[in-house]
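Colleague: the amino acid sequence is not available; the structure is as follows:
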């Protein structure tokens, strides 16, 4: 197990878990809120749709294409 920060709280996940899976396992699965207030979540799971963009260690990245690392900071809300 490794520890990752998700929106300010520490979460333990198995090594090799993607950030998209982390969002479903430890949160509501939501990656962001659209300008109209709708919750957005990963859709395609392979980096094409761009719906899974989150801040990872201060940079916008695709959650479905990023593997969790010890100490990683994931932020879904700006």
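Modeller: Cool, the structure landed. The structure displayed is predicted, hence computed values, not measured ones.
Colleague: ok, now which ones touch the residue nearest to residue 69 when sequence neighbours are not counted?
Modeller: Once flanking residues are discounted, residue 69 sits nearest to residue 2: 7.0 Å by C-beta to C-beta, 6 or more residues apart in numbering. C-beta: built from backbone N, CA, C; applies to glycine. By C-beta atoms under 8 Å, 6 or more residues apart in numbering, residue 2 lies in contact with 12-15, 68-70.
Colleague: show only the entries of the residues you listed found in strands.
Modeller: Counting by DSSP state E, these place 12-13 in strands.
Colleague: residue 58: which of the contacts of residue 2 is nearest?
Modeller: If you rank the contacts of residue 2 by distance to residue 58 using C-beta to C-beta, residue 69 comes first, at 14.0 Å.
Colleague: phi first, then psi, for the closest one.
Modeller: Phi and psi for residue 69, reported as degrees, to the nearest 10, are phi -130, psi 150.
Colleague: for it, give its distance to residue 38.
Modeller: Separation of residue 69 from residue 38 (C-beta to C-beta, to the nearest Å): 30 Å.
Colleague: then residue 10?
Modeller: Separation of residue 10 from residue 38 (C-beta to C-beta): 28 Å.
Colleague: adjacent strands (with direction) for the one helix or strand in the chain whose mean pLDDT sits lowest?
Modeller: Ranked by mean pLDDT, DSSP states H and E, the helix or strand of the chain with the weakest confidence is strand 32-33, at a mean of 82. Take DSSP bridges as the rule and strand 32-33 pairs in its sheet with strand 39-40 (antiparallel).
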